[in-house]
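> Structure for this input, please:
(2 chains)
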Amino acid sequence: DAGVIQSPRHEVTEMGQEVTLRCKPISGHDYLFWYRQTMMRGLELLIYFNNNVPIDDSGMPEDRFSAKMPNASFSTLKIQPSEPRDSAVYFCASSLFGGRTNEKLFFGSGTQLSVL
Amino acid sequence: GDSVTQMEGPVTLSEEAFLTINCTYTATGYPSLFWYVQYPGEGLQLLLKATKADDKGSNKGFEATYRKETTSFHLEKGSVQVSDSAVYFCALSSGAQKLVFGQGTRLTINP
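Sure thing, here's the model as predicted:
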């Protein structure tokens, strides 16, 4: 398996622009997570899905952020409008079952977002 | 809420030195505990885990023991290598299908 695939690897945009990050989870995994990593706040969970349904979006910082999972093999995280403080590395991760017997996340390589 | 506290980095050691990275947690119930490692330019990957008190997780020469009495899960390795240079994250899962991560500890091993 190719693992979790994220695109783009790097994104540089100007403040106010819309940004869309993409993720393809590992085939067969039923949980998908979006994390944000910054020096100041570390690794934060933004939202996660189970069987394409959003379960917990309490980590989404504000209404400018939205995430979708239209099918089992694709998810997007959108920021509109983007702001400089959104600059971070955004990780997508997937897992199977999500229960105690198989609590292992597989992470993508991340998208480095810079908002100027 | 649940939380994880790691020792602050960065940590710099010489090759073949002994490594300890401290991790303590706060959680309700009986969480599972994890160490993840992030190599430069990559996503996190699971290094080891323990699911109940007194369990020892081990992998690639790294070990950590789940200590309920001290709410700790310290990472240790007897002899580190340059290739161990990475950022290490302690994490817990209390059954809510999501992990809570510590801040991460950057480790650099000099030859």
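> What's the nearest residue in chain A when you look at chain B?
Proximity to chain B, evaluated over chain A using Cβ to the nearest Cβ, is greatest for A:Phe107 at 3.0 Å. (C-beta placed from N, C-alpha, C; glycine too.)
> From B:Leu46, how far out is that residue?
Distance, A:Phe107 to B:Leu46, using Cβ to Cβ, to the nearest Å: 9 Å.
> what about those two, which has more around it?
Under the neighbour definition other Cβ atoms under 10 Å in any protein chain shown, A:Phe107 and B:Leu46 were set side by side, and A:Phe107 has more, 22 against 17.
> what residues are up against that one?
Taking Cβ atoms under 8 Å, 6 or more residues apart in numbering or on different chains as the contact definition, A:Phe107 lies against A:4, A:35, A:91-93, B:43-45.
> Let's see that with 7 Å instead.
Contacts here follow Cβ atoms under 7 Å, 6 or more residues apart in numbering or on different chains; on that basis A:Phe107 touches A:4, A:91, A:93, B:43-45.
> try A:Thr76
Residues touching A:Thr76, when contacts are defined by Cβ under 7 Å, 6+ apart, comprise A:20-22, A:67-68.
> Backbone dihedrals for it, both of them.
Main-chain dihedrals, A:Thr76, degrees, to the nearest 10: phi -130, psi 150.
> Contact partners for whichever residue of chain B sits closest to chain A?
Chain B approaches chain A most closely through B:Gly43 (3.0 Å), counting by Cβ to the nearest Cβ. Taking Cβ under 7 Å, 6+ apart, we find B:Gly43 in contact with A:91, A:107-110.
> which of the contacts of A:Thr76 come close to chain B?
Filtering the contacts of A:Thr76 for neighbours of chain B using Cβ under 7 Å from any Cβ of the partner chain leaves an empty set.
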